[in-house]
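K.L.:
3D, please:
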Amino acid sequence: MARTAALNMSNFKRPWHLRKARGLVYATLLSAIAGIGYVSYSTAPDSTQAWVAARELYGLWALGLVMAAMLIGPIVFVLPRLPLRGHLMLARRALGVSAFALAALHVFSYLGPVLLRNWRQLYTPGPLWVAGLALGFPLFVDMTALAFTSRDGAVRWLGPRRWKKWHRTVYVVLPVALLHATFVGADFGVNKGPDVPGNPDAGSLIGMLVFAGVWLLFFVLRKRNIRFGSTR
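P.N.:
Residues are numbered from 1 along each chain as shown. As a prediction, the model looks like this:
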């Protein structure tokens, strides 16, 4: 009881923008979901292409937020004087949960229309497409588990060691997500679905690989206990 009271008092003493950091992330998430839906349906020539556009945008945003959530820990450690570091650390779990929400919409935007039209379209695009879908299944299952255990209560329930060990699987999420997007994402320049018009474009692949490279750099620096601008 005393510990709980102390934590509540500590939260009360925080500035409002720190106490509301996660809430601000979720508010931004809702705005992004609505914005993607509006842009997809207002610019597409028909409902089929609207679903395709929504599917691609939700997927890209989900992947970007996974990377952002993974980058916060290493970058805050390596750059201890980074502005808003407290806000970033508090928002980290919310970014991961937001990535899951967008991934769920990404899956729904694909499975919903396909199952309504013809479920055989799940495998007819070819082996590379099927491989991408196969990678997406365990990826989504793991993201679901990570999202539902991103609560303080889950830490107490699982225990700190088990919780931390489970959440380290996020390091597998990133390469699997990149492979999944490469196999099925038209924005990654290797393959595309039969319902995607135009030619594949590797622009997003290049951007995401650069982002992943930045994360890897800071991850290695943290592993080697290298910090810049430390006050020690």
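K.L.:
any weak-confidence spans in this structure?
P.N.:
1-18, 230-232 (pLDDT under 70).
K.L.:
all helices of it, in order?
P.N.:
Assigned by DSSP state H, the helices in the chain fall at 2-13, 16-19, 21-43, 47-78, 85-117, 127-148, 152-158, 160-167, 170-184, 203-223.
K.L.:
who's in contact with the spatially closest residue to residue 74 that is not a sequence neighbour?
P.N.:
Excluding the flanking residues, the one nearest residue 74 by CB to CB, 6 or more residues apart in numbering is residue 218, at 3.7 Å. Backbone N, C-alpha and C define where each C-beta goes, glycine included. Residue 218 makes contact with 71, 74-75, 77-78, according to CB atoms under 8 Å, 6 or more residues apart in numbering.
K.L.:
Adding neighbour count and distance to residue 167, write those out as CSV.
P.N.:
Formatted as CSV, the contacts of residue 218 follow (neighbours: other CB atoms under 10 Å; distance: CB to CB, whole Å):
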residue, neighbour count, distance to residue 167
71, 21, 15
74, 19, 15
75, 19, 18
77, 19, 16
78, 21, 20
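K.L.:
so who does the residue lying closest to residue 187 once chain neighbours are set aside touch?
P.N.:
Among residues not flanking residue 187 along the chain, residue 204 sits closest, at 3.8 Å (CB to CB, 6+ apart). Contacts for residue 204 (CB under 8 Å, 6+ apart) come out as 60, 181, 185, 187-188.
K.L.:
ok, residue 204 to residue 31 distance?
P.N.:
Note on residue 204: its distance to residue 31, by CB to CB, to the nearest Å, is 22 Å.
K.L.:
Please apply the same query to residue 81.
P.N.:
Separation of residue 81 from residue 31 (CB to CB): 30 Å.
K.L.:
and if you look at residue 83?
P.N.:
When residue 83 is compared with residue 31 (using CB to CB), they lie 23 Å apart.
K.L.:
just residue 61 next, same as before
P.N.:
Residue 61 sits 12 Å away from residue 31, going by CB to CB.
K.L.:
who's more crowded, those two?
P.N.:
residue 61 (21 against 10; other CB atoms under 10 Å).
K.L.:
which residues does that one contact?
P.N.:
32, 36, 102.
K.L.:
quick one: the nearest residue to the second one once chain neighbours are set aside from residue 64, how far?
P.N.:
If I follow you right, that is residue 36. Nearest non-adjacent residue to residue 36, counting by CB to CB, 6+ apart: residue 57, 4.6 Å away. Applying CB to CB, the value for residue 57 to residue 64 is 11 Å.
K.L.:
the more surrounded of those two?
P.N.:
Taking other CB under 10 Å, residue 57 and residue 64 do not tie; residue 57 has more neighbours (21 against 17).
K.L.:
So that one sits against residue 39, correct?
P.N.:
Yes: look at residue 57 against residue 39 with CB atoms under 8 Å: they come within range, at 7.4 Å.
K.L.:
What's the local residue count around residue 34?
P.N.:
Around residue 34 there are 10 residues (other CB under 10 Å).
K.L.:
next one: residue 32
P.N.:
Residue 32: 17 neighbours (other CB under 10 Å).
K.L.:
tell me the contacts of residue 94?
P.N.:
With contact set as CB under 8 Å, 6+ apart, residue 94 has these partners: 21-22, 25-26.
K.L.:
how about stretch 22-40 as CSV, C-alpha atoms only?
P.N.:
Taking C-alpha atoms only, stretch 22-40 is exported to CSV below (Å, rounded to 0.1, in the frame of the first residue of the first chain):
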residue,chain,number,x,y,z
ARG,A,22,0.7,8.0,-23.3
GLY,A,23,-2.7,9.6,-23.7
LEU,A,24,-1.3,12.0,-26.3
VAL,A,25,0.1,9.1,-28.2
TYR,A,26,-3.2,7.3,-28.3
ALA,A,27,-5.0,10.6,-29.3
THR,A,28,-2.6,10.9,-32.2
LEU,A,29,-3.2,7.3,-33.1
LEU,A,30,-6.9,7.8,-33.4
SER,A,31,-6.3,10.9,-35.6
ALA,A,32,-3.9,8.8,-37.8
ILE,A,33,-6.4,6.0,-38.1
ALA,A,34,-9.2,8.4,-39.1
GLY,A,35,-6.8,10.3,-41.5
ILE,A,36,-5.6,7.2,-43.2
GLY,A,37,-9.2,6.0,-43.7
TYR,A,38,-10.3,9.4,-45.1
VAL,A,39,-7.4,9.7,-47.5
SER,A,40,-7.8,6.1,-48.7
